[in-house]
Each structure stands twice: as structure tokens, then as C-alpha cells.
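Engineer: give me the fold of what follows.
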Amino acid sequence: MWTKLAILIRMPIRQKLLMLEAMILLLAARLAVVLVPFKRLAGGFGKQQSNSEFKMQNSEFENQKLVDDEAVRRLGSMVQRVAKYVPWKAKCLEQAIAVKWMLAWRGLPATVFFGVKNSQEGDLKAHAWVRSGRVIATGGRNHRQFKVINVFGDKG
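Structural biologist: Residues are numbered from 1 along each chain as shown. Just a heads-up that it's a prediction; the model follows:
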């Protein structure tokens, strides 16, 4: 515990602020999941059945948005790290919502994916993940195991 506290104390202020932002947004996402009907909540994710556009380096599509892969990785990583330490279970949906908001505030396009799979026990398992540009910000570890059932991309 003291080692983690020492790491936190030595952390640069910008990283501490990013950590605080992730924590606040994970809490806001949890409250939204509990209090807001999913249909209404999903409307804030973007346009249904639409992938957000992005521009890769050396792309011929000049009208698309440029995505900063490193910024996406940094934001996704922070949300995933903070999710381990909040006093509630911050599941994939809360993490997806939090990182979606963080990306939106920075003007980065994102697509929220929802998928399902059958577990070994025969139960239906659901999963949410977010992609921005070429990078999966959260939920990417096992996302290929899930069949995509819905996608919400930024409104063009």
C-alpha cells in the first residue's frame, strides 16, 4: 500500500488530474447506468449502427478527423487503471461510457460497441468496448470473443 501511495505522490500533476477526471467520470457513468433507462443512455453514445470516422496517417481521406492514437491509449489506460481502485465494481459499460466522454471532450471520435457471447455455463454474457481510430480504448482484451449486436458512432 505504501508503495502505491509513494507512486501517487511522485506522479506528475497532469497525470493526477487525468486520474481524478477518470474517477469522477466512472462515478458519473455508474450513476447514469443505474438511474437512466438504457435506451436514453444509448442515445448519448452517438448514431446507432454507425462507426465514427477517423483519419490514419498518409490517408487519402482529408475530410476525416485525425485521431491521436497515443492520447486514446493514455485515456483508455487511465480509465482501466482507475476502475480497479474505485470502491464499486466499474464494469465494461461504465468504463466505455467514461472513456467515450473523455474522448468527446478532447474532440476525438469514438465508436461504442456492444457484443454478446454464450458462456461455458450456457449464460449469455454481454460486453462493451470503445474504439477511436485504430485503437481500442477500453474493453479490447476479449472483444473478439463477442458477436457485435450494436454500434454507436459519433454523429457526423
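Engineer: so where's this protein shaky on pLDDT?
Structural biologist: With pLDDT under 70 as the threshold, the chain has low-confidence stretches at 1-2, 4-5, 50-66, 155-156.
Engineer: helices of that one, start to end?
Structural biologist: Assigned helices in the chain, in chain order: 2-10, 13-35, 38-43, 69-83, 92-105 (criterion: DSSP state H).
Engineer: most neighbours per residue, which of these?
Structural biologist: helix 92-105 (a mean of 24; mean count of other C-beta atoms under 10 Å). Quick note: C-beta positions are derived from backbone N, CA and C, even for glycine.
Engineer: next, the angle from that helix to helix 69-83.
Structural biologist: Regarding helix 92-105 and helix 69-83, their directions subtend 140 degrees when assessed with axes from the mean of the first three to the mean of the last three C-alpha atoms, to 10 degrees.
Engineer: what's the distance between helix 92-105 and the middle of its chain?
Structural biologist: Centre-to-centre, helix 92-105 and its host chain are 4 Å apart (C-alpha atoms, centre = their mean, to the nearest Å).
Engineer: would a markdown table of the helices of the chain with distance to residue 120 be doable?
Structural biologist: Below are these laid out as a markdown table (distance: least, C-beta to C-beta, whole Å):
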| stretch | distance to residue 120 |
| --- | --- |
| helix 2-10 | 34 |
| helix 13-35 | 26 |
| helix 38-43 | 26 |
| helix 69-83 | 25 |
| helix 92-105 | 19 |
